[in-house]
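[1] just a sequence and a predicted model for now, questions to come.
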Amino acid sequence: MKSRLIHLTAMALIASAILTACDRQPRKTAELQRINDSMEHPHNYADTFNADRQDWEKFKIEARARLKQNEDSLKMINQKIAKAGDKVKAGYDQKMLTLESRNSELRERLEGYKEEGRDNWDKFKMSFNNDMDTISQNMKSFFAGDHHK
């Protein structure tokens, strides 16, 4: 009876060890895989690092250009608002402040970004681009539905 209990316990331990080992493999993140690859092939790590660095530099240049373009568009919108009557101006002032604030926040996010791995970079880039697109759309539709253009 005792040997049967010991055999069952041993089999249960072996089965759980096998299941645990099988379960861990799919959970490796892309970052861990990249680290493993860099250890096996150090030159690939340097290539990846340089490619990521170039991607970041290119993105930063393009993002700064888009932010500058937004600032120029905001100046043009402000000029149009200045020509409008006081009643119209009051309605647009808050929209302008919001757009200018969001554009400034994006500039701060861009300049304050610190490299924190590829996954965080991808998230940052996606979020930043979505926010830039939103601001662009809001500027394009700034006077939508208005007959005082």
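    Thanks, I have it. Numbers count the residues shown, from 1 in each chain.

[2] ranges for the helices of the chain?
    Under the criterion DSSP state H, the chain carries helices at the ranges 2-24, 30-40, 42-83, 86-112, 118-140.

[3] same for the longest one, what does it pack against?
    If you count contacts as 3 or more C-beta pairs under 8 Å, 6 or more residues apart in numbering; DSSP states H and E, helix 42-83 packs onto helix 30-40, helix 86-112, helix 118-140. For glycine as for every other residue, the C-beta is placed from the backbone atoms N, C-alpha and C.

[4] list the buried ones in stretch 71-85?
    Within stretch 71-85, the residues that count as buried by 16 or more other C-beta atoms under 10 Å are S73, L74, I77, I81, A84.

[5] same list (those residues) but as TSV, adding pLDDT.
    Putting the buried residues of stretch 71-85 into TSV (pLDDT from 0 to 100) gives the following:
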residue	pLDDT
S73	92
L74	92
I77	88
I81	84
A84	78
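
[6] tell me the one of those nearest R66?
    The closest of the buried residues of stretch 71-85 to R66 turns out to be S73 (C-beta to C-beta; 10.3 Å).

[7] nearest spatial neighbour of that closest one, chain-adjacent residues omitted?
    M139 (5.1 Å; C-beta to C-beta, 6 or more residues apart in numbering).
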